[in-house]
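Engineer: Can you look at this prediction? I've put the sequence above it.
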Amino acid sequence: GAGLQPRFPCPCRIMPVRWSRYNPSYLEPEVKTEAYQKPLEELTEEEKEQMELKAVRPIKAAPPTLSSSVFSDPMISKFTNMMMKSGNKVLARSLMSQTLEAIKRKQLEKYHKAPENEKETIECNPYVIFHQALKNCQPIIGLSSITRGGKTYQVPVPLTDNRKRFLAMKWMITECRENKHRRTMMPEKLSQELLLAFNNEGPIIKKKHVLHKMAESNRAYAHFRWW
Amino acid sequence: TLRLICTTTAVQRKNAGASGPEKYTEAFIKKQIEEFNLGKRHLANMMGEDPETFTQEDIDRAIAYLFPSGLFDKQARPLMKHPTEVFPEQRKIQWGEDGRPFHFLFYTGKQSYYSLMHETYEKLLNVQKHQDELIAQDLPLQKEKRNLAGSRWLTKIELEEMLVEKMSDDDYSRFIRLLEKLVALPCADLEEKYIQKFSKEVPAQLQKVLIEPLQYDERGVAFSTGEGRRKTASATAVVYDNGTGKITVNGIDILHYFPVLQDREQLLFPFQFLGRIGKHDMVCTVSGGGRSAQAGAIRLASAKALRSFVTEKEVEFMRQAGLLTVDPRVKERKKPGQEGPRRKFTWKKR
C-alpha cells in the first residue's frame, strides 16, 4: 500500500513540509457541472491540454465540503472552517447560515425603506455581499520581517492570492471575536462587519489601509527581498 | 573463504555514488559473475531442469523451494541474483596516476550533475540559435506538440542511478526546470533524442474498470449495487430505477439518519451531478466509522452503482469530478515519543 511514505504534492518544484496520502500525479477534481457541458469548439488551447491530461491521470476524491449543488461555495466553506473551534463543524455551519440570513434581513429592511429610485442600487444577495466584502478587505502587499546585520526590518513583499484571501478572512474573524461587546452573538457581529466592508468602511478596511501605509513608508527596504 | 552465492540486505542497499575507496574491485565482481553462472547451472541440475534455459524466475522459485523461510521481511529471505543487481554500481577512480582528475569539473564536487547541466544548457542555446535563424529567414516556427500526458520525467532516484552520483532535491528540481524550459521552445524537436533519455513512458491505459450490467428484480424494475468505503465505514447501496428520489439508510430515512445538512448534500451529490435527483430510489446499509465517514462511504457506493445507468462519457465525467476515487486519507498513527501524530510533548527546560 501507500504506507506512511511522504508524497510531495508537486513534482519537487517547491519543498513542502506537509505531505499528502495521494501520489503526486493525482489531479484536483472539478465539481461544477458547467465545465462538463461545454461543447468541444469553445475550449481554448490550454483547456484542451488540461482535458487530455485529465483523461490520463488519476483524480483525487472530492472532499466532503465540496459538492456540485448551487449552495456549496468554496469560499464559504473556507470561512466556515476558519471559524470552527475544536472540530465543531455543525456549530460553525449554523453560525455561517445565521450570518447570511442576518445580512439578507438587514438588506431587505433597507430595501423596503428606500425610495423607488434607490431600490436597484441595494444589493440583497448575501453571497454577493460576502464575496465583495472579502475582496475589499484583501491587502495588496504585505510586510515580512527580514533580519540583516542583527536588526529586523519590515520589508514590503507581494502576496499570493491564497495569502490575501486568508488574511482577509482571518482579520474578519479576529475582529469579530475580540473587538466587540461580549454579549452580542457572532452572526450579528459578522453581518455588521461584512456590510461595513462591503461599503468600504469599518475597522478591517482601516487595518488594510494601515498595512498599505506601513508598506509604502518602508519602501526603502524593498531591495532586501531576494525572492 | 566463503563462496558468496546468497547475500543479505546490507550489501543490497543501493549506494549510488559512494565515493571513497572502491569496495569491490572489478576482478572481484568478475569472479562473482562467474560463480553466479556456475551456481546457476548447478541449481538447474539439482532441480532437474535444462541449464541453458534457466531464467531468473526459475532461480527464485528454486531457492524458495530449497530454503523455505518464514521471515516477514521479503528482503531478509535468501536470494540469488546476478551480481550487478546485488552489488551497487560504483565509480572507478576519477584521477590518474599523477593525481590529476580526468573530468574538468571534478573539483566542483558534483561533476556529473554539473556536466549534465552544462550539456543541457548547450542544447538549449543550440535550439535558440536555430530558432533565431528561422526567424531571420522569416520561416514559420514548427510547433509540434509533445504528448505531455503519456510521458514523465525520470525521478530523482532514477537520475541518481543513471549518473552514479548523489544529488540534492534542489539540484534535481533545477535540472527538471531546465528540461521543461527546453521542451517549451518551439524548435525543441532538434534535441528530441537527448530529451528522450530523460523521459519515461507512462502507461496511458488506466485500469479499465468493468461496469456491471443492470439487474432486474421481480417487479421488473432495473437496479444496480455498489460498495464504498471511507475511513473504517463501509457501505453497500442498491439504486433502483423509476423511483421518486427516496433514500433509506439502514431502514431509516436520511432526514432522520443524517440530521446534518452537509452529509445529506454528500449523499445527493452523485445524483445532482448527473441531473437524476427525482428519478432513482436508493436503499443502503452502512456500518462503522463516524457520521461524515458513513456519508462519504454511501456517496462512493451510490456513484459506483450509478455507473451502470449512465453512458461511458458521463462515467468519465464522474471520475473527473472525484466521485469514483476511494479517499485514502485515514487517521494518522500516534508515534512513540510524541503525544499525538504530530503534536510533541510539552518542552520543559529542565
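Structural biologist: Received, thanks. Numbering: from 1, shown residues only, chains lettered A, B, ... in the order given.
Engineer: residues contacting the residue of chain A found nearest chain B?
Structural biologist: In chain A, the residue that lies nearest chain B is A:P29 (2.8 Å; Cβ to the nearest Cβ). In short, each C-beta sits where N, CA and C put it, glycine included. Applying Cβ atoms under 8 Å, 6 or more residues apart in numbering or on different chains, we find A:P29 in contact with A:59-62, A:66, B:320-323, B:325.
Engineer: Sitting in helices, which of these do you find?
Structural biologist: Among those, DSSP state H puts B:Q320 in helices.
Engineer: which of the contacts of A:P29 lies closest to B:K92?
Structural biologist: Nearest to B:K92 among the contacts of A:P29 is A:K60, at 45.9 Å by Cβ to Cβ.
Engineer: Wait, that closest one touches A:S25, no?
Structural biologist: No. Assessed by Cβ atoms under 8 Å, A:K60 is found out of contact with A:S25, at 10.4 Å.
Engineer: which one of the two has more residues nearby?
Structural biologist: Neighbour count, other Cβ atoms under 10 Å in any protein chain shown: between A:K60 and A:S25, A:K60 has more, with 19 against 12.
Engineer: ok, and the closest non-adjacent residue to the more buried one?
Structural biologist: Excluding the flanking residues, the one nearest A:K60 by Cβ to Cβ, 6 or more residues apart in numbering or on different chains is A:Y26, at 4.7 Å.
Engineer: What is the burial count for that neighbour?
Structural biologist: Using other Cβ under 10 Å, A:Y26 has 19 neighbouring residues.
Engineer: contacting residues for B:T55?
Structural biologist: B:T55 makes no contacts at all, as judged by Cβ under 8 Å, 6+ apart.
Engineer: What confidence value was assigned to it?
Structural biologist: At B:T55, the pLDDT value in this model is 89.
Engineer: List the residues that contact the residue nearest the centre of chain A.
Structural biologist: The centre of chain A sits closest to A:R165, judged by Cα atoms, centre = their mean, with a distance of 3.7 Å. Neighbouring residues of A:R165 by Cβ under 8 Å, 6+ apart: A:75, A:78, A:134, A:138.
Engineer: now with 7 Å?
Structural biologist: Applying Cβ atoms under 7 Å, 6 or more residues apart in numbering or on different chains, we find A:R165 in contact with A:134, A:138.
Engineer: just checking, it is part of a helix?
Structural biologist: Yes. Under DSSP: H, G, I helix; E, B strand; the rest coil, A:R165 falls within a helix.
Engineer: about what we covered before: any idea how far the residue nearest to A:K60 is from B:R319?
Structural biologist: Remark: distance between A:Y26 and B:R319 (Cβ to Cβ, to the nearest Å) = 12 Å.
Engineer: Find residues that contact each of these two.
Structural biologist: Counting by Cβ under 7 Å, 6+ apart, the residues touching both A:Y26 and B:R319 are A:I59.
Engineer: Give the next helix or strand downstream of the lowest-mean-pLDDT helix or strand in chain A.
Structural biologist: Scoring the helices and strands of chain A by mean pLDDT, DSSP states H and E places helix A:45-56 at the bottom, with a mean of 81. Using DSSP states H and E, the helix or strand that follows helix A:45-56 in sequence is helix A:74-83.
Engineer: Could you name the helices and strands sitting against that next one?
Structural biologist: helix A:89-113, helix A:161-178 (3 or more Cβ pairs under 7 Å, 6 or more residues apart in numbering or on different chains; DSSP states H and E).
Engineer: List the buried residues for the shortest one?
Structural biologist: Counting neighbours by 16 or more other Cβ atoms under 10 Å in any protein chain shown, one finds that the buried residues in helix A:161-178 are A:164-165, A:167-169, A:171-173, A:175-176.
Engineer: Please apply the same query to the first one.
Structural biologist: Applying a neighbour-count criterion of 16+ other Cβ under 10 Å, the buried positions in helix A:89-113 are A:89, A:92-93, A:95-100, A:102-104, A:106-107.
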